[in-house]
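> any chance you could fold what I've pasted below:
(chains A and B)
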Amino acid sequence: MSQMSVVEATNAALRQELARDPKVFVYGEDVAHYGGMFRVTDGLLRDFGADRVIDTPISESGFLGMGLGAAMAGMRPVAELMFIDFSLVAMDQLLNNIAKTHYMSGGSVPVPLTIITQGGGYRGAAAQHSQMLEALLLHLPGLKVVLPSNAADAKGLLAAAIRDDNPVVFINHKQLFGAKSEVPDGEHVVPLGQARTMREGTDVTLFTYSYLVGMGMQAAEEAATQGVSVEVVDLRTLNPLDWETIAASVTKTHRVVIAHEAHLRCGVGVDLSHQIQSRLFDELDAPIQVVAALDAPIPFAKELEDVVLPSPARLLEACLGAVHG
Amino acid sequence: METSQRDEQFYRSMVRMRAVETELLALSSAGQLRGSLHLAQGQEALPAGAGAALRKDDYVTATYRGHGYVLAKGGPLLPIIAEILGKAAGLGGGKGGKMHLFDLEYGILGTNGIVGAAVGTAAGAAWAAQLQKTDRVALTVCGDGALNQGHVSECMNMAVLYQLPLIILCENNLYSEMTPLSRSHGDVNLAGRAAGFGLNTAQVDGNDPEAVYQVMSEAVNRARTGGGPTFIEAATYRTIGHYQADSGIGYRTAEEVEAWRAKSPLDRWAAKLGKRAPAIAAEEQAAVRAVFEEALALPGPDPLAAGTQVFA
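Sure thing, here's the model as predicted:
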């Protein structure tokens, strides 16, 4: 085990896969000579060469489309979208083409393309550099979506994403980039579609992912001092969902809070809430709570952003509310 | 290949494509074909000429009007027609239809419902060919209208930047669906636009399969030998409506349509082949008819397949 930041762990996964498979290449804006806006691709050009690590122009639609074509033609491309917000200029490629090719081809054309990106707020980056857009990517079938909450998962989930024969969007959180934690040395792969129970509890389950896992752990700590036992489950992969772990936890605690940083309307929380109530209605002892961003664009000023984005206090309040009504 | 042999090949290819479209139009008119039908009558010389310049392992992408290129790539006809008819034995098991034809074995990386979108796919396949150090090339076919999508501009820039083995064949049929160039393009010099990005460019009579073949062969050879991407602007005309419910008249004059019908590449090559032409045409039409009969009798997909193959 080594102490690594999420940036270092992501970089380690790219190195691991570049070394393992000659079909893998990494490309995107500022990734090669500069080493990446967030240093995720630091040193890769030096160590793997110009055929494996390639700078692109600021052309997200073009270079994602090219990733699709390269994947269809036998490569295993890893594209970096510098900010997930920039995916919005490439949605036709992402959702009309990348996500649908395998299906439209009757299963005859796999698309082993990985898109690594980062999202999230809490940094005053305002409405176009702070978003969590996973719900958009999940709404149309065909993309796997992965959001690690720590360095070990960043390394292991990214390795699994690159080895997957489907398009996978791997979303880091910019607030976690510097966060250090233990990462297994050597080859490390975390299968997609497995949630992880971060903290056992008996009164209420908090399902969350990405940066809010840490917030959820804080809230659970505080709830314990108030006599409420919160189970915290890091979903890690939103498509495919680990229904087995979800169902086991709901069956155990009978109360559910779902928390995410993205907006409420048509989001992961309301979707998961629907799935839980339709499949496990008899297990529920309280209405499902969803903690999410207010349905307003992410504002710049701290006083405003603090109101729009979820906080440990809101998570705590939801957990206590689920138990006490 | 001897020129006369090639002339016969072009003629067969064009007649086959027209025969397929004639069958499809009849089915559509009879209410026996689902969905929109975007035909390319008048533009048959382009797939005939372009297809002859490619190898089986080269890549092709096109728009929803690009079925001719799929036919001209040389794969068996039955799975293509079966897909267009929505049959289980179709290329995509009935999931894609005519607008989404894929066949990896023949390098067909998709016809596409979004007019400019497949340019990126082809550029990416060309990128893969380059990174894999093969001499495969990629052809993407789009219309004049597609050039106004930003995605295409992005890809043209990257094709030059990386010197990709890519050929962009632009079928300039003078109309973006129903809107003429003069009301959709600030500058109607399409090859000039591509030259501005630094692509090699060529202009060609898109109703002359031999001319298309020659200009394509030059571009393919350049791409195979590291000479970078080429943009070909081909002058042509769709002598039928944009889709089955469009007469093609109203936004175009009957005189204009008639004038282009007179330039039909099928008629030109029939004249060139002389008395051999009718027998060749009859042979191709009969072969197409037989494939349609076979395809129409095939079963549709199992409804249970609807939710499968979302993921590999």
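
> which parts of chain B are strands?
Assigned by DSSP state E, chain B shows strands spanning B:59-63, B:108-112, B:138-143, B:166-172, B:175-176, B:179-180, B:200-205, B:230-235.

> which of those strands sits closest to chain A?
Of all the strands of chain B, strand B:108-112 sits nearest to chain A, with 5.1 Å by C-beta to the nearest C-beta. The C-beta positions use only the backbone N, C-alpha and C, and glycine is treated the same way.

> what packs against the longest strand along chain A?
In chain A, assigned by DSSP E, the strand with the most residues is strand A:256-263. Applying 3 or more C-beta pairs under 8 Å, 6 or more residues apart in numbering or on different chains; DSSP states H and E, we find strand A:256-263 packed against helix A:134-139, strand A:204-208, helix A:212-225, helix A:268-280, strand A:289-293, helix A:312-324.

> and the stretch 1-150 of chain A, which of its residues are near chain B?
A:25, A:51, A:54, A:56-57, A:59, A:61-75, A:77, A:92-93, A:96-97, A:101-111, A:141-142, A:144 (C-beta under 8 Å from any C-beta of the partner chain).

> which of the helices and strands packed on strand A:256-263 has the highest mean neighbour count?
Mean neighbour count (mean count of other C-beta atoms under 10 Å in any protein chain shown) peaks for strand A:204-208 among the helices and strands packed on strand A:256-263, with a mean of 30.

> chain center to that one: distance?
Taking the mean of its C-alpha atoms, strand A:204-208 sits 17 Å from the chain's own mean (C-alpha atoms, centre = their mean, to the nearest Å).

> can you list the strands that that strand pairs with?
strand A:230-234 (parallel), strand A:256-263 (parallel) (DSSP bridges).

> nearest spatial neighbour of residue B:213, skipping sequence neighbours?
Spatial nearest neighbour of residue B:213, chain neighbours left out: residue B:49 (4.0 Å); criterion: C-beta to C-beta, 6 or more residues apart in numbering or on different chains.

> show me what contacts the one you found?
B:10, B:208-213, B:216 (C-beta atoms under 8 Å, 6 or more residues apart in numbering or on different chains).

> number of residues surrounding residue A:38?
When neighbours are counted by other C-beta atoms under 10 Å in any protein chain shown, residue A:38 registers 20.

> these two touch, right, it and residue A:119?
No - with contact defined as C-beta atoms under 8 Å, residue A:38 does not reach residue A:119; the gap is 11.8 Å.

> quick check: neighbours shared by those two?
Counting by C-beta under 8 Å, 6+ apart, the residues touching both residue A:38 and residue A:119 are A:172, A:174.

> thinking again about what came up before, want to throw the strands paired with strand A:204-208 into JSON lines with mean neighbour count?
Output for the strands paired with strand A:204-208, formatted as JSON lines (neighbours: other C-beta atoms under 10 Å in any protein chain shown):
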{"stretch": "strand A:230-234", "mean neighbour count": "27"}
{"stretch": "strand A:256-263", "mean neighbour count": "26"}
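
> any chance of those in a markdown table, with mean pLDDT too?
Formatted as a markdown table, the strands paired with strand A:204-208 follow (pLDDT from 0 to 100):
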| stretch | mean pLDDT |
| --- | --- |
| strand A:230-234 | 98 |
| strand A:256-263 | 98 |
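
> out of the ones you listed, flag the one nearest residue B:260.
strand A:256-263 (52.2 Å; C-beta to C-beta).

> tilt between the closest one and helix A:312-324?
150 degrees (axes from the mean of the first three to the mean of the last three C-alpha atoms, to 10 degrees).

> if we can go back for a sec, let me have the strands paired with strand A:204-208 in a markdown table, extended by distance to residue A:276.
Shown next, in a markdown table, are those (distance: least, C-beta to C-beta, whole Å):
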| stretch | distance to residue A:276 |
| --- | --- |
| strand A:230-234 | 12 |
| strand A:256-263 | 6 |
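
> and the gap between the most centrally placed residue in chain A and chain B?
Centroid-nearest residue in chain A: residue A:147, 1.6 Å away (criterion: C-alpha atoms, centre = their mean). Separation of residue A:147 from chain B (C-beta to the nearest C-beta, to the nearest Å): 18 Å.

> just give the nearest non-adjacent residue to that residue, would you?
The shortest distance from residue A:147 to any non-neighbouring residue, by C-beta to C-beta, 6+ apart, is to residue A:210 (4.2 Å).

> tell me what the nearest residue to residue A:220 once chain neighbours are set aside is bridged to.
Using C-beta to C-beta, 6+ apart and skipping the chain neighbours, the partner closest in space to residue A:220 is residue A:230 (3.8 Å). According to DSSP bridges, the partner residues bridging residue A:230 are residue A:204.

> which residues touch residue A:230?
Neighbours of residue A:230 in contact, by C-beta under 8 Å, 6+ apart: A:199, A:201, A:203-206, A:216, A:219-220, A:223-224, A:319.

> closest to residue B:181 out of these?
residue A:216 (57.7 Å).

> isn't the closest one up against residue A:204?
No - Residue A:216 is beyond contact range of residue A:204, at 11.1 Å (criterion: C-beta under 8 Å).

> which of the residues of the stretch 1-150 of chain A next to chain B are buried?
Among these, the ones that count as buried by 16 or more other C-beta atoms under 10 Å in any protein chain shown are A:25, A:54, A:56, A:59, A:61-73, A:75, A:77, A:92-93, A:96-97, A:101-111, A:142, A:144.
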